[in-house]
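Undergrad: curious how this folds, go ahead:
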Amino acid sequence: MGTTQLESVQEPKYWHLKTVLSEALDSDFAVGEVLPNERDLAARFGVARATLRQALEQLELEGRLQRRRGVGTTVAPPRVGVAVATAQHGWAGGDTDEAWQPVECTTTTAPAAVAVMLGTDPGELVHAVRRIRVAHGQAVAAELLYVPTPSVPELSAIEAQSGPVRARSVLRELHRLDLDGQDRSVELGSARADDAKELDRLPGAPVLVVTTRYLADAGTAAVSVATYRADTCRLTFGDSGALEISHDEQERKAS
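TA: Numbers count the residues shown, from 1 in each chain. Coordinates of the predicted model:
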């Protein structure tokens with residue numbers, strides 16, 4: 001990483017420094033690599049540490065850097081694109097999708113808003129499958145998939161009643177259904193304590209909450225509430241329902 005004198009720059013120093021650092025991240029660093037400490041970076045660029053912190057904080061907000069407890073500041077992987085088109089007709093995270101990892105399955109009552117979407121009675125028990133989505137070796141999303149019993153009528157009562165094995169069984173039976181379509185909404189939210197722990201974020205950190213209603217047999221087969229790290233994901237619009245690396249990241253890597 002070369003040095004750059006910033007004394008004659010008219011724009012805010014931290015903003016120009018952010019641009020210089022961003023270019024260096026593309027050319028001199030690999031994903032996951034730890035940056036030098038703040039004192040060394042400030043000395044190299046001839047700026048105050050307060051200016052450097054402003055630049056680093058901006059890069060973190062833009063998803064270029066990540067602060068990892070016990071590790072330091074690292075180069076973030078490319079953001080995952082979250083497709084929000086509603087023309088999809090397939091299940092997200094199928095059997096061959098290794099990015100989604102089943103973690104747990106319990107029998108519980110769905111939150112009131114989810115119960116309305118499912119069309120279940122208040123207090124009615126449903127299957128709740130918890131999954132984690134991994135990209136570049138890092139958890140980027142935590143999902144709760146609510147599945148009413150009529151959607152998985154062949155589910156064996158003899159199998160494990162909880163854990164990853166039960167989760168895979170519910171998913172396997174659910175994916176036998178032929179979908180009619182999906183409804184999907186996205187909103188900005190704050191990480192709950194359980195999601196924050198799994199996503200390595202602080203409680204209250206900004207997240208994208210993607211709610212998907214899967215439609216089959218003139219009703220709702222399941223409802224997914226997925227919480228994505230806002231610093232590692234961005235929305236994409238199009239006809240594909242697959243999660244993809246954002247085009248701007250691919251272009252930046254190719255440049």
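Undergrad: spit out the contact partners of Pro164.
TA: Contacts here follow Cβ atoms under 8 Å, 6 or more residues apart in numbering; on that basis Pro164 touches 102-105. Heads up, the C-betas are built off the backbone N, CA and C, glycines and all.
Undergrad: state the phi and psi torsions of it.
TA: When quoted as degrees, to the nearest 10, the phi and psi of Pro164 stand at phi -60, psi -30.
Undergrad: from the contacts of Pro164, which two are the most distant?
TA: Largest separation among those by Cβ to Cβ: Val103 and Cys105, giving 8.5 Å.
Undergrad: the strands in the stretch 51-200 of the chain, which residues?
TA: Ranges of strands within the stretch 51-200 of the chain are 65-68, 72-75, 80-83, 100-109, 125-135, 138-147, 181-190, based on DSSP state E, counting those that start in this stretch.
Undergrad: can you put those strands in CSV and add mean pLDDT?
TA: CSV is the format used below for these (pLDDT from 0 to 100):
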stretch, mean pLDDT
strand 65-68, 80
strand 72-75, 86
strand 80-83, 62
strand 100-109, 92
strand 125-135, 92
strand 138-147, 91
strand 181-190, 86
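Undergrad: nearest to Val165, of the ones you listed?
TA: Distances from Val165 to each of these were compared by Cβ to Cβ, and the smallest falls on strand 100-109, at 8.3 Å.
Undergrad: could you check the angle strand 138-147 makes with that closest one?
TA: Between the axis of strand 100-109 and that of strand 138-147 there is an angle of 40 degrees, by axes from the mean of the first three to the mean of the last three Cα atoms, to 10 degrees.
Undergrad: which elements pack onto strand 100-109?
TA: In terms of contacts (3 or more Cβ pairs under 8 Å, 6 or more residues apart in numbering; DSSP states H and E), strand 100-109 is packed against strand 125-135, helix 163-174.
Undergrad: go again with 10 Å.
TA: Other helices and strands packing on strand 100-109, by 3 or more Cβ pairs under 10 Å, 6 or more residues apart in numbering; DSSP states H and E, are strand 125-135, strand 138-147, helix 163-174.
Undergrad: the longest one vs strand 125-135, what angle?
TA: Spelled out, it's helix 163-174. Inter-element angle recorded for helix 163-174 and strand 125-135: 100 degrees (by the same axes, to 10 degrees).
Undergrad: chain center to helix 163-174: distance?
TA: Centre-to-centre, helix 163-174 and its host chain are 22 Å apart (Cα atoms, centre = their mean, to the nearest Å).
Undergrad: for stretch 162-177, same thing?
TA: If you compare the mean C-alpha spot of stretch 162-177 with that of the full chain, they lie 22 Å apart, counting by Cα atoms, centre = their mean.
Undergrad: same check, this time on stretch 132-142
TA: Stretch 132-142 sits 6 Å away from the centroid of its parent chain (Cα atoms, centre = their mean).
Undergrad: first-to-last residue distance for it?
TA: Across stretch 132-142, the straight-line distance between its terminal residues is 5 Å, by Cα to Cα, to the nearest Å.
Undergrad: may I see the buried residues of that stretch?
TA: Buried positions in stretch 132-142, judged by neighbour count with 16 or more other Cβ atoms under 10 Å: 132-133, 135, 138-142.
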